[in-house]
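1. Turn this into a model:
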Amino acid sequence: MPFVRPYMRSDGTPVRGHTRWAPGARQELTIFAFAALVVLGYGNSADAGDTSGTRPRPQVSYPVRYDGAGAGEQGRAVPSPTVSYPIRFDTPTTHRAVPTPTVSYPVDFSRMGSGR
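-> Have a look, this model is predicted:
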């Protein structure tokens, strides 16, 4: 949107500064807003129509069972894995940090003249 600076008309009437729509911008914005409303209305209407409960419920994507036999101390169900083999994870080992030089050439401080 261009901004029109304040100016005086030829008859002496002062005009304040204001913004002005570019030619055709209102029509384009109206078409865009109408298309967005149609898309939003169509997307929301897909779930609202089925109230009979005939749609299948989503399946659990992670296989965890909650058996009553594995109840914890407070009577809550404890999840049990569905695999029967143990899963081993690598344990990280600690290494001593070895200092590495930041330059590839030897630095001789005696030649610099600083008395080091």
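
2. The chain: strands as residue ranges?
-> Applying DSSP state E to the chain gives strands spanning 3-4, 7-8, 14-15, 18-19, 64-67, 78-81.

3. So what's the residue count around the nearest residue in space to residue 5 that is not next to it in sequence?
-> Once flanking residues are discounted, residue 5 sits nearest to residue 17: 5.3 Å by C-beta to C-beta, 6 or more residues apart in numbering. In this view, the C-beta of every residue, glycine as well, is placed from N, C-alpha and C. Neighbourhood size, residue 17 [other C-beta atoms under 10 Å]: 9.

4. ok, residue 17 - contacts?
-> 3-6 (C-beta atoms under 8 Å, 6 or more residues apart in numbering).

5. possible to save the residues you listed as a markdown table with neighbour count and distance to residue 29?
-> Formatted as a markdown table, the contacts of residue 17 follow (neighbours: other C-beta atoms under 10 Å; distance: C-beta to C-beta, whole Å):
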| residue | neighbour count | distance to residue 29 |
| --- | --- | --- |
| 3 | 8 | 18 |
| 4 | 12 | 19 |
| 5 | 8 | 24 |
| 6 | 9 | 26 |
